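Peer 1: With the sequence up front, the predicted model follows.
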Amino acid sequence: MHNIDFIRKNPTEFDNFMKIRGENSYSSTILNIDKVKRNTQTILQNLLADKNKLSKEIGILKSKNKDASELLNKVEKINNETSALKELEKVKGDELLAILNKLPNIISSSTPIGTNEQIMFFIEIQVVSQNLNFYQKNILKLGKI
């Protein structure tokens, strides 16, 4: 799976990697979904902080035997908003995950580039022979010692 931080910092480079793999540009789509998800998380955290403050105030009012119905209504409203925002966050998270999971991996810079075996660049590995100061056993005889 792809690192969303890399895509945020290098959207053009990410799109170039995807083009090498034969995919369309996805960074703008990914970043838009991620932005909505992150904004939703921020709003959700602020609402939960407000709810905590209201809950403390409700506790103080109830301990003094005062009416807290107005604050209870606010908490109920926040509960409704948070459930909708949690659903939106989940939908955007699933949408982002679906896109990232379907994209191919970014290839290493040392990987040969091509569309099939006939036009691939091949890396030739040269083996350097060395003079060894010991007798080397035949590999076929190793199992028959």
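Peer 2: Done, it's in. Keep in mind it's a predicted model, so treat the numbers as computed, not measured. Numbers count the residues shown, from 1 in each chain.

Peer 1: in stretch 69-89, what counts as buried?
Peer 2: Within stretch 69-89, the residues that count as buried by 16 or more other CB atoms under 10 Å are 71, 74-75, 78, 82, 85, 88-89. The way it works is simple: take the backbone N, C-alpha and C, and place the C-beta from them, glycine included.

Peer 1: low pLDDT regions in this structure?
Peer 2: Where the chain drops to pLDDT under 70, the residues are 111-132, 135-145.

Peer 1: Where do the helices of the protein begin and end?
Peer 2: For the chain, the helices defined by DSSP state H occupy 4-9, 11-20, 27-63, 69-102.

Peer 1: In terms of distance to V36, which of the buried residues of stretch 69-89 ranks first?
Peer 2: Nearest to V36 among these, counting by CB to CB, is L88 at 7.8 Å.

Peer 1: L71 versus that closest one, what's the distance?
Peer 2: 26 Å (CB to CB, to the nearest Å).

Peer 1: now L54
Peer 2: As judged by CB to CB, L54 and L71 stand 5 Å apart.

Peer 1: E95 contacts I33, correct?
Peer 2: Yes. Counting by CB atoms under 8 Å, E95 touches I33, with 5.5 Å between them.

Peer 1: Compare those two and say which is more crowded by neighbours.
Peer 2: Between E95 and I33, I33 has the larger neighbour count (other CB atoms under 10 Å), namely 20 against 16.
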